[in-house]
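Colleague: quick one: sequence and predicted model below, then my questions.
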Protein chains: 2
Amino acid sequence: MKRAELVQQILAKKSFLCVGLDTDPERIPTHLKDAEDPIFEFNKAIIDATKAYCVAYKPNLAFYESQGVAGWASLQKTIDYIPKTHFTIADAKRGDIGNTSRMYAKAMFENMSFDSITVAPYMGVDSVQPFLEFEEKWVILLALTSNKGSQDFQMAGQDGGAPLYEKVLRTSQSWGTTENLMYVVGATHPDYFKLIRKAAPDHFLLVPGIGAQGGDLYGVCENGLNADVGLLVNSSRGIIYASQEEDFAEVAGQKAKELADQMADILAKKGLL
Amino acid sequence: MKRAELVQQILAKKSFLCVGLDTDPERIPTHLKDAEDPIFEFNKAIIDATKAYCVAYKPNLAFYESQGVAGWASLQKTIDYIPKTHFTIADAKRGDIGNTSRMYAKAMFENMSFDSITVAPYMGVDSVQPFLEFEEKWVILLALTSNKGSQDFQMAGQDGGAPLYEKVLRTSQSWGTTENLMYVVGATHPDYFKLIRKAAPDHFLLVPGIGAQGGDLYGVCENGLNADVGLLVNSSRGIIYASQEEDFAEVAGQKAKELADQMADILAKKGLL
């Protein structure tokens, strides 16, 4: 998907919500457990109920891999089911030497037709480049993640004093463009968005961490928005497990709508609609 | 597998060779391509031909994922086929927030019964810890990788002047023990092994990068060995694609034996046998 299409979808829906499909077989409502493919049935219902309120879906690959071959099949069916209007993110945190990253890119962009993949920057330029060689596909590079461990290395100062996450933001910008490179910045660090927007004013940011992880939508938007909106804010558990009863999809839809309404309100107030 | 068992295997075989199963369908010999599962048939023949000369196997997950559901099935069959005497490494470079890393750990340690997984350190302690909670399972944390991009962030100085890879080595040692934590150090950086052994004298190191990537076994061993040998040196393409004809397995066995013979020689000269 091109950036212009993504921005158009966001403005049309007045939403920059991404729904995270962290589908855990142990948290699927009981009445679905006898289905032939409970994971896919769950995802299908969630997608149907939320697609009007979000612009992106982010399956978390760990949850599918943990189910072995069957999980991989559920993932394939899920990605095939997501409407083409929606931006798709393989939340995979991959990254390896060149010939291996190329294989991961093939796996996610060709076999699975994802629009984007999350990549860890630790191995540097030649671990990221192969993903950027696919047309209309995106790398979403980890910059400042939402978890406690982000303090161990990401926030530590590198040569010249800037923290590692900032060096990642600045160094990697020459590897791609604002048309094929985004960054992960956790919602749990709202105070950092001003600094991050200084280092990367025009890129889209994928923002996990609202809801279950404690991040706040308004705090993120305060300094995170740019002229093209420039944010995809993800909620996973806060939406898909809002109810674990038969009404799970309906309640997920309500939760997605609540967030989308808040987003519409924020966009209007910022004069972005 | 316990460390003592691994050391025992190494001393019994006089080899610390790991064979990398980077099995690319495009490089499989023609006569195997009509098999029901060419990837598994290839791996099976490679394992049969090399198992006497190596102590570990390292399937590179990207190559299996790139084949979708079928690739995942080939991987499962491969891991089931590897003899229990051999240490198995899921070369996956995973790492995510806690609940997600736990899912990856389940995928690799429970469903697939790998002994270990390679993990990227960028996300810090809570992305690594869940893997360390499994008994007799190992994390192999990226420290200094074999590729050119290792210079982008790993070699840059952090607070106090030490490069990031050294901070990773020092910080992460408190997360695990020498019984469940190893490090990846590329063979393409032989000059760094002295420094690395200063920071992590007792840990095992997984060393990729000899062969196709240009690293040298003797250079690595000069400063890399410790009292328990402490090295697993990996070769992938240099062994499994040494011939792409019908004799591929036989030639792979010869290449593995050549490396094992060099290793026996080194171990004898260092007085480790």
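Modeller: Good, I have the coordinates. Numbers count the residues shown, from 1 in each chain, chains lettered A, B, ... in the order given.
Colleague: quick one: the helices in chain A?
Modeller: In chain A, helices defined by DSSP state H lie at A:3-13, A:38-50, A:61-65, A:68-81, A:98-105, A:125-132, A:164-172, A:193-199, A:217-224, A:237-240, A:248-269, listed in chain order.
Colleague: what is the burial count for the residue nearest to residue A:51 when sequence neighbours are not counted?
Modeller: Sequence neighbours aside, residue A:83 is the residue nearest to residue A:51 in space, at 6.0 Å (criterion: CB to CB, 6 or more residues apart in numbering or on different chains). Where you see a C-beta, it was placed from the backbone N, CA and C, and this is true even at glycine. The tally of other residues near residue A:83 (other CB atoms under 10 Å in any protein chain shown) stands at 10.
Colleague: can you check residue A:160 too?
Modeller: Residue A:160: 9 neighbours (other CB under 10 Å).
Colleague: report pLDDT for it.
Modeller: With respect to pLDDT, residue A:160 scores 72.
Colleague: so of the helices of chain A, which one's packed in deepest?
Modeller: Neighbour counts (mean count of other CB atoms under 10 Å in any protein chain shown) averaged over each of these peak at helix A:61-65, with a mean of 26.
Colleague: who does it touch, helix- and strand-wise?
Modeller: Under the contact criterion of 3 or more CB pairs under 8 Å, 6 or more residues apart in numbering or on different chains; DSSP states H and E, helix A:61-65 touches helix A:68-81, strand A:87-94, helix B:98-105.
Colleague: please convert the ones you listed to TSV, extending it with distance to residue A:117 and mean pLDDT.
Modeller: Shown next, in TSV, are those (distance: least, CB to CB, whole Å; pLDDT from 0 to 100):
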stretch	distance to residue A:117	mean pLDDT
helix A:68-81	12	95
strand A:87-94	4	98
helix B:98-105	15	95
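Colleague: for the ones you listed, which one sits closest to residue B:112?
Modeller: Of all the helices and strands packed on helix A:61-65, helix A:68-81 sits nearest to residue B:112, with 7.3 Å by CB to CB.
Colleague: remind me what that closest one packs against, helices and strands.
Modeller: Packing partners of helix A:68-81 (3+ CB pairs under 8 Å, 6+ apart): helix A:38-50, strand A:56-59, helix A:61-65, helix B:68-81.
Colleague: can you pull the contacts of residue A:77?
Modeller: A:37, A:40 (CB atoms under 8 Å, 6 or more residues apart in numbering or on different chains).
Colleague: got the end-to-end distance for stretch A:12-29?
Modeller: With CA to CA, to the nearest Å as the measure, stretch A:12-29 spans 33 Å from end to end.
Colleague: what average pLDDT does it get?
Modeller: 97.
Colleague: how far is it from where the chain is centred?
Modeller: Here stretch A:12-29 is found 10 Å from its chain centre; the criterion is CA atoms, centre = their mean, to the nearest Å.
Colleague: can that stretch be found next to chain B?
Modeller: Yes: using CB under 8 Å from any CB of the partner chain, stretch A:12-29 reaches chain B at A:22, A:24.
Colleague: can you redo the helices of chain A as TSV with distance to residue A:112?
Modeller: What follows is the helices of chain A, written out as TSV (distance: least, CB to CB, whole Å):
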stretch	distance to residue A:112
helix A:3-13	19
helix A:38-50	14
helix A:61-65	10
helix A:68-81	5
helix A:98-105	11
helix A:125-132	13
helix A:164-172	24
helix A:193-199	29
helix A:217-224	29
helix A:237-240	20
helix A:248-269	23
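Colleague: residue A:24: how many residues sit nearby?
Modeller: By the measure other CB under 10 Å, the count of residues near residue A:24 is 18.
Colleague: which residues touch it?
Modeller: Counted by CB under 8 Å, 6+ apart, residue A:24 has contacts A:63, B:103.
Colleague: and it, its phi and psi?
Modeller: phi -100, psi 120 (degrees, to the nearest 10).
Colleague: how close does residue A:18 get to chain B?
Modeller: Per CB to the nearest CB, to the nearest Å, residue A:18 is found 16 Å from chain B.
Colleague: what's the burial count for that residue?
Modeller: Other residues lying near residue A:18 total 26 when counted by other CB under 10 Å.
Colleague: list the beta-bridge partners for it.
Modeller: residue A:56, residue A:234 (DSSP bridges).
Colleague: quick one: which of the helices and strands packed on helix A:68-81 is nearest residue A:220?
Modeller: strand A:56-59 (15.5 Å).
Colleague: which other residues reach the closest one?
Modeller: Contacts of strand A:56-59 (CB under 8 Å, 6+ apart): A:17-21, A:23, A:43, A:47, A:75, A:78-79, A:82, A:86-91, A:206, A:232, A:234, A:236.
Colleague: before we move on, back to that, of all the helices and strands packed on helix A:61-65, which one comes closest to residue B:191?
Modeller: When the helices and strands packed on helix A:61-65 are compared for distance to residue B:191 using CB to CB, the nearest one is strand A:87-94, at 29.0 Å.
Colleague: just give me how far that closest one sits from the chain centre.
Modeller: Remark: strand A:87-94 is offset 7 Å from the chain centroid, using CA atoms, centre = their mean.
Colleague: what angle do helix B:125-132 and it make with each other?
Modeller: Relative orientation of strand A:87-94 and helix B:125-132, computed by axes from the mean of the first three to the mean of the last three CA atoms, to 10 degrees: 70 degrees.
Colleague: strand A:87-94 vs chain B: in contact?
Modeller: Yes: judged by CB under 8 Å from any CB, strand A:87-94 comes into contact with chain B at A:91, A:93-94.
Colleague: most neighbours among these, which one?
Modeller: Counting neighbours by other CB under 10 Å, the top entry in the residues of strand A:87-94 next to chain B is residue A:94, with 30 neighbours.
Colleague: who's that one bridged to?
Modeller: Assigned bridge partners for residue A:94, using DSSP bridges, are residue A:119.
Colleague: my guess is it meets residue B:93, correct?
Modeller: Yes: Residue A:94 lies in contact with residue B:93 (CB atoms under 8 Å); the separation is 6.6 Å.
Colleague: joint contacts of the two?
Modeller: Common neighbours of residue A:94 and residue B:93 (CB under 8 Å, 6+ apart) are residue A:120.
Colleague: any buried residues in stretch A:175-190, and which?
Modeller: For stretch A:175-190, the neighbour count (16 or more other CB atoms under 10 Å in any protein chain shown) marks A:175-176, A:178, A:180-190 as buried.
Colleague: want to try a markdown table for the residues you listed, with distance to residue B:32 as columns?
Modeller: Putting the buried residues of stretch A:175-190 into a markdown table (distance: CB to CB, whole Å) gives the following:
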| residue | distance to residue B:32 |
| --- | --- |
| A:175 | 37 |
| A:176 | 38 |
| A:178 | 45 |
| A:180 | 37 |
| A:181 | 39 |
| A:182 | 40 |
| A:183 | 43 |
| A:184 | 40 |
| A:185 | 46 |
| A:186 | 46 |
| A:187 | 49 |
| A:188 | 50 |
| A:189 | 51 |
| A:190 | 55 |
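Colleague: could you dump those to CSV with distance to chain B and pLDDT?
Modeller: What follows is the buried residues of stretch A:175-190, written out as CSV (distance: CB to the nearest CB, whole Å; pLDDT from 0 to 100):
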residue, distance to chain B, pLDDT
A:175, 9, 98
A:176, 14, 98
A:178, 20, 98
A:180, 18, 98
A:181, 15, 98
A:182, 16, 98
A:183, 13, 98
A:184, 10, 98
A:185, 13, 97
A:186, 9, 95
A:187, 12, 93
A:188, 10, 91
A:189, 13, 88
A:190, 18, 88
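Colleague: which ones among these lie within strands?
Modeller: Residues of those located in strands (DSSP state E): A:181-185.
Colleague: adding distance to residue A:267, write those residues out as a markdown table.
Modeller: Shown next, in a markdown table, are these (distance: CB to CB, whole Å):
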| residue | distance to residue A:267 |
| --- | --- |
| A:181 | 23 |
| A:182 | 19 |
| A:183 | 21 |
| A:184 | 22 |
| A:185 | 19 |
